[in-house]
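> give me the fold of what follows.
(one chain, ligands or ions: 1)
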Amino acid sequence: MEVNIKMTSNRFIPLAKPNILESDIENVAKVLRSGMLVQGTEVLNLEKELADFLNVKHVICLSNGTATLHTALMVLDIKEGDEVIIPALSYVATANVIERVGATPIFVDVDERSFNIDVTEIEAAITSRTKAIMPVHEFGLVADIGEIKRISDKHNLFLIEDAACALGSSENGKMAGTTGEFGSFSFHPRKAITSGEGGCLCTNDDKLAEKARILRNHGIDMSSGEMTFVEAGLNYRMTDFQAALLKGQLERVKDTLSYKSDLSDCYNRSLTNPNITVPIVKGTKTHAWQTYHVLIESPLERDQMISKLKEKGIGTNYGAQCMPAQEFYFKKYKLDSKSLFPNAYKAYTQGLALPLYELLTIQDIEYISQQVNQQK
Ligand SMILES: Cc1ncc(COP(=O)(O)O)c(C=O)c1O
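Model prediction:
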C-alpha cells in the first residue's frame, strides 16, 4: 500500500545543513569578545577533547581537511618520484595533495557496495616507488583498515587514513583514523562536526606529531624556548573561534551519530524502489553516515532524478568523483576509468547522495523515500 506522506511545510530540504545551537554561537561570541582570535587555548583544549574521543595520543588541529592531508605527506617526506596508492573514488582533495607534493597518485578501484578501496587490488599496485597507502573512509564507512594495515606493514609503507567524513566510525571498536601513521579529518559543514573550514590530524607517534605542529605554524620550533625556524612551514592554523564552535558539537557528537544512524535505518526500511541499491554495512564496522549514498540503476537516470527531486523540494547530488576521470587527471594520466575503475566510475555516474543530517525528522526521511520510490 502506498502511504501518502506530506511534508509539514513547503520548505526545501537541502542536501546538508549543520546543526548549530545558540550555545555554540555563544561559545564563539565569547572568543570574539576576548579579542584572542588566532590559535590559542581553545584549539589546545579541543585537541585534548578530540584525542580523548578518538583514543589517540596526539591531535593537531589545522585549517581544513586538505591542509591536514598535505601536512601528513610533508611530515612523511613524500615527494617527487614517490607513489601513493589511493582509491579511484573520493573527493579530489585526496589526489590533489599528492600532486602538490610532486608525488604520483596510483588509483585502485573501489568495492561496488562499500565504495571503499578494494583491498584485493592493492598489492598489485605496489611498486618499488610506493611510499604510502592512503585509503579513504568513503561517505563515513570505515575501509577494511585491518587488512590495509597488514598490507602496509608487509611492504613497509606508510598508512595515512583520509577519514575526512568518518569521525566516530569504527572497525572492531577501533576508531577510523587511528590505525595509520596519520588519520586526517575535515570539519567542513557537511561533516559530523563543523567549524566552517577546519580539520585535524591524529597520530600516536610523538615525533610525527611534533613535526606536524611545526609545519602548521611557519616551521617554528619553540622547544629551546626561543622561536627557531627549523622548516619551510606554512600557516595552516585553526582559529580559536573555530575551535570554540566545535567544542559543543564534539560534546554532542555521539548523540548526533546515533540519530543519523536511526535516520539511515529509516531510509533502509523505506526505500523500496527496485532500481535503487541502498548502502550496506558489513561485519564489525560502524558507519558515521556523513552521506547516505545510493546507486541508481537503469531505467532510472541519476541526473534526471536530481532535477525531479529538486522539483519536489529535495536537494540531492552525486556523491563523489571518480578522480582519474576528472579533467586534470585524465589529461595527465590518460586512464580509461570506465574499464580500469568500473566500480568507482559507476558510483560517480550513478551514485546519489540523499539528505541525512540532525535537523531532519523521520517524517522527512519517509517523505524523501516516498518521492524516490515514485521515480520510474
Ligand atoms: C574524502 C575527503 N578528503 C578530503 C577532503 C577535504 O577536506 P576540506 O574540504 O576540509 O579541505 C574532503 C572534503 O570534503 C573529503 O571528502
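
> spell out which parts of the stretch 101-250 of the chain neighbour the ligand.
136, 162, 164-165, 186, 188, 199 (Cβ under 6 Å from any ligand atom). Every C-beta, even on glycine, is put in place using the N, C-alpha and C of the backbone.

> and which of the residues you listed is nearest residue 363?
Nearest to residue 363, judged by Cβ to Cβ, of these is residue 165 at 25.8 Å.

> and the closest one, its phi and psi?
Phi and psi for residue 165, reported as degrees, to the nearest 10, are phi -100, psi 0.

> OK, contacts around residue 89?
For residue 89, the contacting residues are 110, 115, 136, 138, 320-323, 341, 343-344, 347-348, by Cβ atoms under 8 Å, 6 or more residues apart in numbering.

> looking at those, which has the most residues close by?
Ranked by the number of neighbours (other Cβ atoms under 10 Å), the contacts of residue 89 place residue 344 first, at 32 neighbours.

> so which helix or strand takes in it?
Following DSSP states H and E, one finds residue 344 within helix 342-350.

> just checking, residue 195 touches residue 243?
Yes - counting by Cβ atoms under 8 Å, residue 195 does reach residue 243; the two are 7.1 Å apart.

> between the contacts of residue 89, which is closest to the ligand?
Relative to the ligand, the closest of the contacts of residue 89 is residue 136; by Cβ to the nearest ligand atom it sits at 4.8 Å.

> separation between the residue of the stretch 1-150 of the chain found nearest the ligand and residue 282?
Among all residues of the stretch 1-150 of the chain, residue 65 sits closest to the ligand, at 2.7 Å; criterion: Cβ to the nearest ligand atom. To residue 282, residue 65 is 26 Å away according to Cβ to Cβ, to the nearest Å.

> list the contacts of stretch 116-127.
Defining contact as Cβ under 8 Å, 6+ apart, one finds that stretch 116-127 is touched by 83, 85-87, 106, 108-111, 133, 135-138, 141-144, 147-148, 151, 155, 157, 343.

> got the domain boundaries for the chain?
Listed domain ranges for the chain are 22-246, 253-373 (source: automatic domain parsing).

> hang on, the earlier thing: in helices only, show me the contacts of stretch 116-127.
147-148, 151, 343 (DSSP state H).

> what about the longest helix anywhere in the chain, average pLDDT?
Counting residues, the longest helix in the chain under DSSP H turns out to be helix 240-270. When pLDDT is averaged along helix 240-270, the result is 98.

> list the buried residues in that helix.
Under the neighbour-count criterion of 16 or more other Cβ atoms under 10 Å, helix 240-270 has 240-250, 252-253, 256-257, 259-261, 263-264, 266-267, 270 buried.

> can you tell me the strand partners of the very next helix or strand once past that helix and which way each runs?
The element immediately downstream of helix 240-270 (helix or strand, assigned by DSSP H and E) is strand 276-277. When sheet partners are counted by DSSP bridges, strand 276-277 sits next to strand 292-296 (antiparallel).

> mind listing what's buried along the partner strand?
By neighbour count with 16+ other Cβ under 10 Å, strand 292-296 contains the buried residues 292-296.

> and if you look at stretch 14-31?
So stretch 14-31, judged by 16+ other Cβ under 10 Å, has buried residues 15-16, 18, 24, 27-28, 31.

> so is that stretch next to the ligand?
No - remark: stretch 14-31 sits outside contact range of the ligand, by Cβ under 6 Å from any ligand atom, the gap being at least 10.9 Å.

> got a list of contacts for that stretch?
By Cβ under 8 Å, 6+ apart, stretch 14-31 touches 37, 42, 189-190, 194, 240-241, 244-245, 247-249, 256, 315-317, 353-355, 357-359.

> among the domains of the chain, which comes closest to residue 10?
Evaluated with Cβ to Cβ, the domains of the chain place domain 253-373 nearest to residue 10, the distance being 6.9 Å.

> can you give me the end-to-end span of the closest one?
Taking Cα to Cα, to the nearest Å, the first and last residues of domain 253-373 lie 31 Å apart.

> what about that domain, distance to the chain center?
Mean-position distance between domain 253-373 and its chain equals 14 Å (Cα atoms, centre = their mean, to the nearest Å).

> stretch 127-139 now?
Relative to its parent chain, stretch 127-139 has a centroid offset of 15 Å by Cα atoms, centre = their mean.

> just stretch 248-266 next, same as before
Averaged C-alpha coordinates place stretch 248-266 at 16 Å from its chain's average position (Cα atoms, centre = their mean).

> where are the low-confidence patches of this structure?
Scanning the chain for pLDDT under 70 picks out 1-9.

> show me where it has helices.
In the chain, the segments counted as helices under DSSP H are 22-34, 41-54, 65-75, 93-100, 145-154, 206-216, 240-270, 302-311, 327-333, 337-340, 342-350, 362-373.

> in CSV, list those along with distance to residue 171.
Below are the helices of the chain laid out as CSV (distance: least, Cβ to Cβ, whole Å):
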stretch, distance to residue 171
helix 22-34, 30
helix 41-54, 14
helix 65-75, 20
helix 93-100, 19
helix 145-154, 5
helix 206-216, 22
helix 240-270, 15
helix 302-311, 30
helix 327-333, 29
helix 337-340, 27
helix 342-350, 20
helix 362-373, 26
